[in-house]
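Asks: Predicted coordinates and the sequence they were generated for:
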Amino acid sequence: MEKIPNFPLDPMLKGLHTGYKFDDRFEILSNPVRRSHSFAFKVRDLEENQTKVVLVIPEQIRRDREAFNYLIEQSQLISVLDHQNIARLYQTHTEGRYAYFEMEHVPGSSLKTVKLKRQTNRLNEEEVKWIAEQILNALEFAHDQNILHRDLKPNNIILTSQRTIKLIDFGLSEPIRQALNLVQDSTASTIILYWSPEQVSGKPLSVRSDIYSLGATLYDLLNGKPPFFTGEVYHCILYQKPEPIEHVSPFMNDLLLKALAKKPEERFQSCQEMRSALQKTGVTVFMTQLSQSPSEKETKKQKRNSLAGTLLKPGMRYSLFSALVIVMLAIIISRLHFKTSEPKTPADSALTKESFTQPDSFRLKMLQALLDQAQIKIDRDQILNPRDNNALLLLEQARKINPYDPQLKRLTGSAKEKIITEAESLVKAGEKKRANEVINTALEFFPDDARLKSLRAKISAPDETQKPLKIEILNGAGERGIANNLSNFLEQNGFDVVNTENFRVNGKVQWNLPKSVFKGNLPKGKFIGKLSKLLRIPYQQDQGYKPQSAKATVTIVLGKDFRSLPPFQK
């Protein structure tokens, strides 16, 4: 991580210092650095024994449901990015004292730092071409997932210690800034030096917006300064043509000017198109140079001043929506995270399969990204937890795009089976309260599922074995007063006797029962077990049992052997 000058620290984070441990898992290894409109720490993951980065979600965002849900929604989609040139977003933590993103740690230096270490404050053309190739690989992968970077600049690009390029905080910087705008009176500041004309003017973004930002970044690395950095930068980005760079080849200048065209349709239309143009500017030899040992190519001091890398992960793509529509969609979808009402299934809705309109290609790609991430969550048994980033939330979002998708139905069924299996296991383990919580949460997503309702009814049904017994004592031995004597004994031991009388069969008194009996139709529970142990009479569960008194739940019939029972022994 790079060192940053002093800056005001979020008051909530003042207790976080080197050596501090939180969430019983992470140990802080560094002072905080300013990153993506927030603060980041290098940490040790004590469970995995791995160095990672924690990017803290600003407290003012966490306190605002709308802003917080918007940011979490963005991070869920970004977490599908798994590419060698993109630092991973592992997980979003929202339930502890601090909310934060758990991310891959990338040792290295930002391209801004690398550039400033050069005497000329710039890199040579071959180096920049080598860097651009890897950035294009990362952007192309993200674009294929319909995810845009939206904040590409030298600060967010790392040359790693393994001499590769990685983009860090992919897709987080701009959503955090937009979330801050929802909770602050003033607009969160950012650097627009690398923004496209459509981005500075608030218009919808596309792949070509990232192409512009990449062009501005390469221009900065080659020239030592971005295309526009003084005066009315906003006006220059919109209307002024960048000056060609004197010391680079005409081919490279042509490439940069095309990438920096004011109109998106005049730029490269894809990463592949820009890559093809880049390969025509000459033979890239820098890759070979990097593979040679330092002793062959440069002194130790020169090596320290050569390329390094940065950590920052790019942003997601909403190229077909205006900024206003993005925020509105995020607010609507965020309600899935805080269930204010039960969601409608396709059967509940007026929508039918015949009237359903198939999603466009953009939403189909988003659907597939959601389903892929849901599959990962299901495989990890993260179906209901974490509450803000689990399989059911992803499946619910996918259902909004296409409720009839076969993969969605398969994953939904798989998730439901795992929930039921978990609930049944909890019941067997005696954890009925936890099982009930699992079922109730699942019913928010599957409100009409008969199996879940049946299981909830079974779990919620009162447990008769845990209720105090209503005991009747019947005299089947013919000795006077023995039923009353046993009643007094049991009441002294905390039992409730509701009836004492003679034992009858078909209405006739029977006083010749040879052996005492303890029976009822209740399953054996703690009270029955206690009474059976106290009297030393085995309990007989009889489904056809009917007490002589309607108030009784169990019956004790004293037989001729009553004197052998503990209450009657002298």
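Replies: Yes, it's here.
Asks: alpha carbons only for contacts and neighbour counts from here, please
Replies: OK.
Asks: How is the chain divided into domains?
Replies: 11-104, 112-314, 339-460, 465-568 (automatic domain parsing).
Asks: ok, now which ones touch the residue lying closest to residue 260 once chain neighbours are set aside?
Replies: Using CA to CA, 6 or more residues apart in numbering and skipping residues adjacent in sequence, the residue nearest residue 260 is residue 212, 5.1 Å away. Contacts for residue 212 were tallied using CA atoms under 8 Å, 6 or more residues apart in numbering; they are 194-196, 259-261, 267.
Asks: next one: residue 510
Replies: Contacts of residue 510 by CA under 8 Å, 6+ apart are 476-477, 502-504.
Asks: For residue 204, see how far away residue 257 is.
Replies: From residue 257 across to residue 204, the span is 22 Å (CA to CA, to the nearest Å).
Asks: returning to that earlier point: and which of the contacts of residue 212 is nearest residue 95?
Replies: Checking the contacts of residue 212 against residue 95 with CA to CA, the nearest one is residue 195 at 34.5 Å.
Asks: List just the nearest of the contacts of residue 510 to residue 120.
Replies: Nearest to residue 120 out of the contacts of residue 510 is residue 503 (CA to CA; 109.1 Å).
Asks: Correct me if wrong: that closest one contacts residue 513.
Replies: No. Contact criterion CA atoms under 8 Å: residue 503 and residue 513 do not qualify, at 9.0 Å.
Asks: Now do the shared contacts for these two.
Replies: Listed as contacting both residue 503 and residue 513 by CA under 8 Å, 6+ apart are residue 476.
Asks: Compare these two (neighbour count), which wins?
Replies: Using other CA atoms under 10 Å, the more surrounded residue of residue 503 and residue 513 is residue 503, with 23 against 17.
Asks: Tell me the spacing between the more buried one and residue 469.
Replies: Separation of residue 503 from residue 469 (CA to CA) stands at 19 Å.
Asks: can you count the residues close to residue 90?
Replies: 17.
Asks: State the three-state secondary structure for it.
Replies: Secondary structure for residue 90, judged by DSSP: H, G, I helix; E, B strand; the rest coil, is strand.
Asks: Quick check: pLDDT value at it.
Replies: pLDDT recorded at residue 90 is 88.
Asks: Report the contact partners of it.
Replies: With contact taken as CA under 8 Å, 6+ apart, residue 90 is in contact with 79, 101-104.
Asks: any idea which of the residues you listed has the most stuff around it?
Replies: residue 103 (26 neighbours).
Asks: Mind telling me what element the residue nearest to residue 499 when sequence neighbours are not counted is part of?
Replies: Leaving aside its chain neighbours, residue 499 sits nearest to residue 472 (4.5 Å; criterion: CA to CA, 6+ apart). Per DSSP states H and E, residue 472 falls inside strand 470-475.
Asks: returning to what we had before: need the contact list for the residue nearest to residue 499.
Replies: By CA under 8 Å, 6+ apart, the contact set of residue 472 is 497-500, 547, 549, 552-556.
Asks: repeat for residue 562
Replies: By CA under 8 Å, 6+ apart, the contact set of residue 562 is 477, 515-516, 568.
Asks: Show the pLDDT at residue 132.
Replies: pLDDT, residue 132: 95.
Asks: Now that residue 468 has come up, it's in contact with residue 526, right?
Replies: No. Contact criterion CA under 8 Å: residue 468 and residue 526 do not qualify, at 9.3 Å.
Asks: Please enumerate the strands of the stretch 101-250 of the chain.
Replies: Ranges of strands within the stretch 101-250 of the chain are 108-110, 157-160, 165-167, 169-170, based on DSSP state E, counting those that start in this stretch.
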